[in-house]
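Trainee: Sequence isn't available, so here's the structure alone:
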């Protein structure tokens, strides 16, 4: 399965996204062909190689109409073209997109119209699009729709989006970043305020990323085939203003889908040892998947203990409260992580020293690990007067004999 990943660590705009797709292998001639009558001059759209903080990237450029912003993300309120959804639909009909592409582009603009109507409190048929109604933004969206259709990815995933911070001037005035339409378009998507005092995600970028991404999260497990970088208009001194596209073949490592867990940690150097056992028992009883302690060297040369709790993300709040109640720590840190586990089951095998429970781990039906239950082995070893390791070996052999259909 081909997966395409939008890495929005430096935000997203229409020209960044389209530049990245071209950089990843979509011919510029294909984009020009798809635009049809939108690009009245073959030279109305072009690309330029640029460098953004040490990263080579492709800048997609449009010769816009008079008064319009020339690049997505460079908003100017003066003399912006105001177009209705019907006018934009007519322009899309003049493009050379496939029938599916035209329907997709119109659906994207309708989504934007619904957002603008809700924000400004006007009926949908009275909505006039300002910045995103400019010809260059329409070209960005039509071009991106065709580029994604050309690449034919089976699945699109996006990272959390860096929306920036500060304020932005738009047709209706000055707004906090992210602008109202951008924020509404990203409803349901993970966003964060990066250190840049700038609008890092434009409405066009939000419309395209949210409109195509089937999921948001870290880079999927894949065999990378190609990588493309699309440049924004700004050149920050400490971070590349680029959107990265990664395309490859998605890899599944087990029948079970990867699951998310939260890792909660705290260093402790002032707690009596007896309380560590109590805390572990309480955390496991409250739903932690695993709890363990690690010796660490802390400030002022003090030996301490690192408490680590692995749990389902929805248990984080309750387990953190339990840590504060049962230990002497005054702070914890946490992070979310993916994990993959083998399919597991417990079976009982018959041995010469009695029944032993065995934990069996499989991947796609193949047995990869067999582990006798230690407590069962100790009990059976004591009753039979035999070494524990010998009983463990008997249990493993009994399982494999049963697996092969031989008598235990």
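Mentor: Happy to help now that I have it. As the structure is a prediction and not an experimental result, all values here were calculated from the model.

Trainee: tally of neighbours for the nearest residue to residue 329 once chain neighbours are set aside?
Mentor: Ranked by Cβ to Cβ, 6 or more residues apart in numbering and with sequence neighbours excluded, the top spatial neighbour of residue 329 is residue 266, at 4.1 Å. Using the backbone N, CA and C atoms, a C-beta is placed for each residue, glycine as well. The number of residues packed near residue 266 is 21, by other Cβ atoms under 10 Å.

Trainee: can you check residue 280 too?
Mentor: For residue 280, the number of neighbouring residues by other Cβ under 10 Å comes to 18.

Trainee: quick one: buried residues of the stretch of helix or strand it belongs to?
Mentor: In the assignment (DSSP states H and E), residue 280 maps to helix 274-285. By neighbour count on 16 or more other Cβ atoms under 10 Å, the buried set for helix 274-285 is 276, 279-280, 282-283.

Trainee: if I pick residue 294, what's in contact with it?
Mentor: Neighbour list for residue 294: 305-306, 308 [criterion: Cβ atoms under 8 Å, 6 or more residues apart in numbering].

Trainee: quick revisit: my read: the residue nearest to residue 329 touches residue 328, true?
Mentor: No. Taking contact to mean Cβ atoms under 8 Å, the distance of 9.6 Å between residue 266 and residue 328 leaves them out of contact.

Trainee: just to revisit the earlier point, which of the buried residues of helix 274-285 sits closest to residue 244?
Mentor: Each of the buried residues of helix 274-285 was scored against residue 244 by Cβ to Cβ, and residue 283 proved nearest at 38.8 Å.

Trainee: Isn't the closest one up against residue 320?
Mentor: No. Residue 283 sits out of contact with residue 320 when judged by Cβ under 8 Å, with a separation of 10.4 Å.

Trainee: how much does the helix or strand encompassing the residue nearest to residue 329 deviate in direction from helix 274-285?
Mentor: Taking DSSP H and E as the criterion, the element that holds residue 266 is strand 259-268. Between strand 259-268 and helix 274-285, the angle comes out at 170 degrees (axes from the mean of the first three to the mean of the last three Cα atoms, to 10 degrees).

Trainee: same for strand 259-268, what does it pack against?
Mentor: With contacts defined as 3 or more Cβ pairs under 8 Å, 6 or more residues apart in numbering; DSSP states H and E, strand 259-268 has these neighbours: strand 303-311, helix 316-326, strand 333-339.

Trainee: Can you tell me which of these has the worst average pLDDT?
Mentor: Lowest mean pLDDT within the helices and strands packed on strand 259-268: strand 333-339, a mean of 89.

Trainee: Can you mark which positions in that strand are buried?
Mentor: Counting neighbours by 16+ other Cβ under 10 Å, the buried set in strand 333-339 is residue 334.

Trainee: Using the three-state scheme, assign the nearest residue to residue 14 once chain neighbours are set aside.
Mentor: Nearest residue to residue 14 in three dimensions, chain neighbours excluded: residue 140, at 2.9 Å (Cβ to Cβ, 6+ apart). Counting by DSSP: H, G, I helix; E, B strand; the rest coil, the backbone at residue 140 sits in helix.

Trainee: Residue 140 contacts residue 61, doesn't it?
Mentor: No. Taking contact to mean Cβ under 8 Å, the distance of 10.8 Å between residue 140 and residue 61 leaves them out of contact.

Trainee: quick one, which of these two is more surrounded?
Mentor: Neighbour count, other Cβ under 10 Å: between residue 140 and residue 61, residue 140 has more, with 29 against 17.

Trainee: what's that one in contact with, if anything?
Mentor: Residue 140 makes contacts with 13-15, 17-18, 60, 62, 72, 204, 208, as judged by Cβ under 8 Å, 6+ apart.

Trainee: Dump those residues to JSON lines, plus neighbour count and pLDDT.
Mentor: Written out in JSON lines, the entries for these read as follows (neighbours: other Cβ atoms under 10 Å; pLDDT from 0 to 100):
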{"residue": "13", "neighbour count": "32", "pLDDT": "95"}
{"residue": "14", "neighbour count": "30", "pLDDT": "95"}
{"residue": "15", "neighbour count": "32", "pLDDT": "95"}
{"residue": "17", "neighbour count": "31", "pLDDT": "98"}
{"residue": "18", "neighbour count": "32", "pLDDT": "97"}
{"residue": "60", "neighbour count": "30", "pLDDT": "96"}
{"residue": "62", "neighbour count": "27", "pLDDT": "90"}
{"residue": "72", "neighbour count": "30", "pLDDT": "37"}
{"residue": "204", "neighbour count": "30", "pLDDT": "93"}
{"residue": "208", "neighbour count": "26", "pLDDT": "96"}
